[in-house]
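Q: Just a sequence and a predicted model for now, questions to come.
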Amino acid sequence: MPLASSTLLSPHFTARELGADRPEAHSGIVQALYAQADYLERVRVILNSRLVVNDATHFNRGFRPPEANAAVGGVPTSSHQTGEASDVVPIDFSGSLFDAHNALKKAKAEGRLPPFDQIIYYPANGFIHIGRGPKMRNEFRVSLYEGQGGTPLVSAENIAALGKAVLAAAQRNAPLLVLVLFAAVAIILTEA
């Protein structure tokens, strides 16, 4: 049964913010959302920042039923559908969203971040996906797509042109140029 919108799932997250007030939120989903809220509290502490999930301008970043998941381009196996994922925006974090993603990586390496399935940085969408289940892969990723599974950030034409430039440099026996090109691509993709 869905909860009242103002019900606190944890000290800083309401049923509305995580989607536990949606009509489709049965008891299993509500329980998963309580656990998700607890996990997000830990992320708040690590980042020393408030986190926003759903707000007045962004919906479907917490629990979403299959129809809402499909509407936003979510994969059919999305943990959002079971209440085990949230797309968060740290609003007080002292660095960039990419820095926040890296801070979570560091916390995992130091043993301060509990197990999770996936933490995905979506540079084009401006949020970090925090998924806890069901596989618990402890996987960090950067999405190179706008939307969830949508338009690539780097076009096929740009990739082909870059490949031709790298091939031409390699054919001229210019290993330094190849190294510089690969470094430039790495910088572009990590700062996107």
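A: Yep, that arrived. Residues are numbered from 1 along each chain as shown.
Q: contacts, neighbours, all on C-alpha from now
A: OK.
Q: Surely residue 70 touches residue 77?
A: No - Residue 70 lies out of contact with residue 77 (CA atoms under 8 Å); the separation is 10.5 Å.
Q: joint contacts of these two?
A: Contact with both residue 70 and residue 77 is made by no residue, according to CA atoms under 8 Å, 6 or more residues apart in numbering.
Q: Quick check: residue 88 is in a helix.
A: No - counting by DSSP: H, G, I helix; E, B strand; the rest coil, residue 88 is not part of a helix but strand.
Q: Look at it and report its pLDDT.
A: Note for residue 88: predicted pLDDT of 96.
Q: Ok, residue 185 next?
A: So residue 185 comes in at 76 (pLDDT).
Q: Quick check: which element contains it?
A: helix 175-191 (DSSP states H and E).
Q: try residue 115
A: Here residue 115, judged by DSSP H and E, is contained in no helix and no strand.
Q: Can you name the residues that contact the spatially most central residue of the chain?
A: With distances taken as CA atoms, centre = their mean, residue 129 lies nearest the centre of the chain, 2.1 Å away. Residues near residue 129 by CA under 8 Å, 6+ apart: 85, 86, 87, 88, 118, 119, 120, 121, 122.
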